[in-house]
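Peer 1: Requesting a structural model of the entry that follows:
(one chain, ligands or ions: 2)
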Amino acid sequence: MDASAPAGTGVEFADKVKGQASLRTTGDFIVARGSMRTVVVAQCSRCLVKHQVPIEFDFCEDCSLAQIDEPISYSAELNDESVPIPILDHQMVDLSELVRQLLIVHLPSHTLCKPDCKGLCSHCGTDLNEGACECEVDEIDPRLAPLRKLLK
Ligand SMILES: [Zn+2]
Ligand SMILES: [Zn+2]
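Peer 2: Ligands and ions are numbered 1, 2, ... in the order given. A predicted model of the protein is given here:
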């Protein structure tokens, strides 16, 4: 595999999807086994800055010789492990649906742009990596909050 990521994953990619897959028939199913890697453009969970996160994983999935654009197979629940992934586009094997589902499962859910990211101020939204904001004082000692109101 060496192709652009399929549409419908909900995220951006900074690289192509690369890897290998071998298909083996077991009678009822086609088993796709291999590994793939790519680079996801993720948002920092704290400051929302976009950064690149390489991902790499092995997989072993049941597939079926069903058409990938058939509504019945296409609406297969992602978390229902028993539904084989369709891999046929007319007479051709097309792994895009397999790749799409695998990427969604392996997307990083909680990433940071750097290990010590300070994040955004929950009050004013200032990026605290770029400097402190006025409201930081309140957060250090919440008991001062009523006083601040009196001063207004
Ligand atoms: Zn960050
Ligand atoms: Zn602030």
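
Peer 1: Tell me if I am right that Ala7 is in a strand.
Peer 2: No. With DSSP: H, G, I helix; E, B strand; the rest coil as the criterion, Ala7 is assigned coil and is not in a strand.

Peer 1: Contacts only, for it.
Peer 2: Arg100 (CB atoms under 8 Å, 6 or more residues apart in numbering). (Glycine included, C-beta is placed from N, CA and C.)

Peer 1: same deal with Ser45?
Peer 2: His110, Thr111, Leu112.

Peer 1: Can you classify it as helix, strand or coil?
Peer 2: Under three-state DSSP, Ser45 comes out as coil.

Peer 1: Kindly report the domain assignment for this structure.
Peer 2: For the chain, automatic domain parsing gives the domain ranges 2-106, 118-152.

Peer 1: Lowest mean pLDDT across those domains, which one is that?
Peer 2: Sorting the domains of the chain by mean pLDDT places domain 118-152 lowest, at a mean of 76.

Peer 1: quick one: contacts for the most centrally placed residue in the chain?
Peer 2: Closest residue to the average C-alpha location of the chain: Leu107 at 2.7 Å, with CA atoms, centre = their mean. Residues near Leu107 by CB under 8 Å, 6+ apart: Thr9, Val11, Val40, Ala42, Ile55.

Peer 1: how about 7 Å then?
Peer 2: Contacts for Leu107 (CB atoms under 7 Å, 6 or more residues apart in numbering) come out as Val11, Val40.

Peer 1: For this structure, what lies in contact range of ligand 1?
Peer 2: Contacts of the chain with ligand 1, taken as CB under 5 Å from the ion, map to Cys44, Arg46, Cys47, Val49, Cys113, Cys117.

Peer 1: For the spatially closest residue to Ile104 that is not a sequence neighbour, grab the count of nearby residues.
Peer 2: In this structure, Ile104 finds its nearest non-sequential neighbour in Thr9, 5.5 Å apart by CB to CB, 6 or more residues apart in numbering. Neighbours of Thr9 under the rule other CB atoms under 10 Å: 16.

Peer 1: what does Leu103 give?
Peer 2: 22.

Peer 1: returning to that earlier point: just the domains of the chain: most buried one?
Peer 2: Stretch with highest mean neighbour count among the domains of the chain: domain 2-106 (a mean of 15; mean count of other CB atoms under 10 Å).
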